[in-house]
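Enquirer: what's the 3D shape of this:
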Amino acid sequence: MTIHGDHPFLPPESERSPVRRLRGRLPSPVGLWTTVYDGKRAGLTVSSMLVADGEPGSVIGLIDPDSDLWETLRQARTAVVSLLGEGHQQLADAFGYVAPAPGGPFRMIDWTDTAWGPAPVGVSAWAGCTLVSTDPPEAGWALQVQLEIVHVELTPDETPTLVHRRGRYFTL
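Expert: This is a model prediction of the structure:
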């Protein structure tokens, strides 16, 4: 077995999409979207997302249409959107399917069951949300999924927020 310093499946920079390379230069918050339906939990690390204030507030994210999260979210119609912080890099990689998680990523930390799905214990913020449409528009390779924010939990803002830029994690 060989351990690589770079991502083993990443194409050379010259073969990558220029649009994806542009997006990669933007610092993005690292969110974790989780849901549960009929006892089956699903989650996905999402860094292509934004939060829109309003009545109601919304979270909009780009979600892989082939992901377990999307399949389960379409059925559950509820989700928890959490902001990951310092120390959550391995969790983000496990839910992003780029790192191993023996027993599955839900075994890596403790969770609180909520009306919207599992919320990770120890995050600085999470929102309980409902799915706006089970037929969202496509946006490039992804679905542009919109969630309506129903409930927000915030802790004192002392934990640095995890940010993703050009394939690396940083904290703000």
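Enquirer: Remind me which helix or strand residue 20 belongs to.
Expert: Secondary structure assignment for residue 20, by DSSP states H and E: helix 18-24.
Enquirer: Show the secondary-structure elements that that helix is packed against.
Expert: Helices and strands touching helix 18-24, as assessed by 3 or more CB pairs under 8 Å, 6 or more residues apart in numbering; DSSP states H and E, are absent. For glycine as for every other residue, the C-beta is placed from the backbone atoms N, C-alpha and C.
Enquirer: quick check: longest strand of the protein.
Expert: Scanning the chain for the longest strand, with DSSP state E as the assignment, gives strand 142-154.
Enquirer: quick one: residue 94 and residue 88, what's the gap?
Expert: Taking CB to CB, to the nearest Å as the measure, residue 94 and residue 88 are separated by 10 Å.
Enquirer: Settle it for me: which of those two has more neighbours?
Expert: Taking neighbours as other CB atoms under 10 Å, residue 94 and residue 88 compare with residue 88 leading, 26 against 23.
Enquirer: Quick one, grab the pLDDT at the closest residue to that one other than its chain neighbours.
Expert: Spatially, and ignoring its direct neighbours in sequence, residue 88 is nearest to residue 162 (5.6 Å; CB to CB, 6 or more residues apart in numbering). As predicted, residue 162 sits at a pLDDT of 94.
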